[in-house]
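In: any chance you can model this:
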Amino acid sequence: MTLEEIAKKMCAKGKGILAADESTGTIAKRFKSINVENTEKNRLVFRQTLFSSEAMKNYIGGVILFDETIKQKTTLGPSVPELISKNNAIPGIKVDKGAKPLAGSPEETVTEGLDGLRERLKEYYELGARFTKWRAVYKIGDKFPSSQSIKSNAHALARYAALVQESKMVPIVEPEVLMDGFHDIDKCYQVTTDVLNECYNELAAHKVDLKGTVLKPNMIIPGSESKKKSTPEEIAKKTLDCLKKNVPKEVPGIAFLSGGQSEIEASKNLNEINKINDTNFLITFSYGRGLQASALKAFGKDQNNQNNIQKAFDHRAKMNGLSSKGEWSENLEKEAAA
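Out: Numbers count the residues shown, from 1 in each chain. Take a look at the predicted model:
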């Protein structure tokens, strides 16, 4: 498959991307919340239960893995990437080394991981990965994000994307404007505009073929502490407007992060965006908690009850699959809960 074909398959109509690339530290927090010990075996069992579910065949186009997971063999026989491929989804890998304090503006971060990346990409390709992910993080405050933060992270994202395409994989470009803060929806719109513009300037400078990329942005939403709440319709309108004005038409797919939204909010907002989507972009999801929260609760209740864990995951994947076509409704949620 060409890079463009891979990107389109990851974001195919009715399908999206499962972000299962939590670091060992992050999944430790998730497991602690359900009183499950954070061992390599438990991490594997939870993830392979999701990867072998029915939803994988119908609603998941790609899975983002963590370094540990892509190297694991499942208890079912095949390796993790083989299990994902067998279920007609594409295995991918998070390659950044995390957000570190930005020299000169230590309250902000820059994402690291470029050192030795070319060699790591070669190994990941041999393990079965066909796409990658790199996340840059921007926080909104009185003085933030600074132009230094916007420029430094865009430059790193572009260098990463160029190396990934050289390695015959699709880069997911993830510039996340965090929803933490007291800002309103218009401030989020303005900052996301600045961030996207700088990212695409740098991607062009680094000769990245946009047809072989996927964008993973935040939605345009008010800060989590904002007194001014927005309706899903307003979020959809402003998000789509921001994308149309700032994302080049060559980009085939846009897969949103859930970024602290609840499972239902993430589905509802994605649905509203797709109801008014009059672009050629394949607009879908790349959710972690937005797909896994209910399955994680089921895992906490009984780690051996594979049916219940998969049932919870299948439902959320189906709901988001419908949202990626603008066909989701609250009634469908209620019917499933009944």
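In: where's residue 176, which helix or strand?
Out: strand 170-177 (DSSP states H and E).
In: quick one: that strand to chain centroid distance?
Out: How far strand 170-177 lies from its chain's middle: 8 Å, per C-alpha atoms, centre = their mean, to the nearest Å.
In: can you check stretch 99-119 too?
Out: 20 Å.
In: for residue 176, give its distance to residue 253.
Out: The gap separating residue 176 from residue 253 is 17 Å, by C-beta to C-beta, to the nearest Å. Heads up, the C-betas are built off the backbone N, CA and C, glycines and all.
In: residue 150 now?
Out: Distance from residue 150 to residue 253, by C-beta to C-beta: 23 Å.
In: out of residue 176 and residue 253, which sits in the more crowded spot?
Out: The neighbour count for residue 176 versus residue 253, taken as other C-beta atoms under 10 Å, is higher for residue 253 (26 against 19).
In: can you give me the pLDDT of that one?
Out: What the model reports for residue 253 is a pLDDT of 98.
In: hmm, it is touching residue 7, no?
Out: Yes. Residue 253 sits in contact with residue 7 when judged by C-beta atoms under 8 Å, with a separation of 5.4 Å.
In: which residues are in contact with each of these two?
Out: residue 214 (C-beta atoms under 8 Å, 6 or more residues apart in numbering).
In: phi and psi next, for residue 156.
Out: Backbone torsions of residue 156, given as degrees, to the nearest 10, read phi -60, psi -40.
In: test my guess that it contacts residue 111.
Out: Yes. Assessed by C-beta under 8 Å, residue 156 is found in contact with residue 111 at 5.7 Å.
In: tell me which of the two has more neighbours.
Out: In this view residue 156 and residue 111 are compared by other C-beta under 10 Å, and residue 111 has more residues nearby, 22 against 19.
In: residues in contact with the more buried one?
Out: Residue 111 neighbours (C-beta under 8 Å, 6+ apart): 96-100, 134-137, 153, 156-157.
In: out of these, who's nearest residue 36?
Out: Closest approach between the contacts of residue 111 and residue 36, by C-beta to C-beta: residue 98, at 23.7 Å.
In: state the distance from that closest one to residue 67.
Out: 12 Å.
In: out of these two, which sits in the busier spot?
Out: Comparing residue 98 with residue 67 by other C-beta under 10 Å, the one with more neighbours is residue 67, at 17 against 13.
In: pull the distance from whatever helix or strand residue 239 lives in to the chain's centre.
Out: For residue 239, the host element (DSSP H and E) is helix 232-246. Centre-to-centre, helix 232-246 and its host chain are 18 Å apart (C-alpha atoms, centre = their mean).
In: buried by neighbour count: which residues of that helix qualify?
Out: Buried positions in helix 232-246, judged by neighbour count with 16 or more other C-beta atoms under 10 Å: 232, 235-240, 242-243, 246.
In: after that helix, next one along is what?
Out: With DSSP H and E, the next secondary element past helix 232-246 is strand 253-256.
In: contacting residues around that next one?
Out: Contacts for strand 253-256 (C-beta under 8 Å, 6+ apart): 7-8, 10-11, 16-17, 172, 214-219, 243, 247, 266, 270, 273, 281-287.
In: neighbouring contacts of the helix or strand just after that strand?
Out: As assigned by DSSP H and E, the chain's next helix or strand after strand 253-256 is helix 263-275. Helix 263-275 has contacts (C-beta under 8 Å, 6+ apart) with 219, 221, 232-233, 235-236, 239-240, 256, 258, 261, 283-285, 287, 289-291, 293-294, 316, 319-320, 322-330, 333.
In: repeat that for stretch 46-53.
Out: Stretch 46-53 is contacted from outside by 18, 20, 56, 63, 69, 74-76, 80, 83-84, 87, 292, 295-296, 299, 303, 306, 309-310, 313-314, 317, using C-beta under 8 Å, 6+ apart.
In: top of the contacts of residue 111 by neighbour count?
Out: For the contacts of residue 111, counting by other C-beta under 10 Å, the largest number of neighbours falls to residue 153: 28 neighbours.
In: need phi/psi at the closest residue to residue 28 other than its chain neighbours.
Out: Closest residue to residue 28 apart from its sequence neighbours, by C-beta to C-beta, 6 or more residues apart in numbering: residue 38 at 4.2 Å. With angles defined as degrees, to the nearest 10, residue 38 sits at phi -90, psi 80.
In: distance of residue 228 relative to residue 173?
Out: Applying C-beta to C-beta to residue 228 and residue 173 gives a distance of 29 Å.
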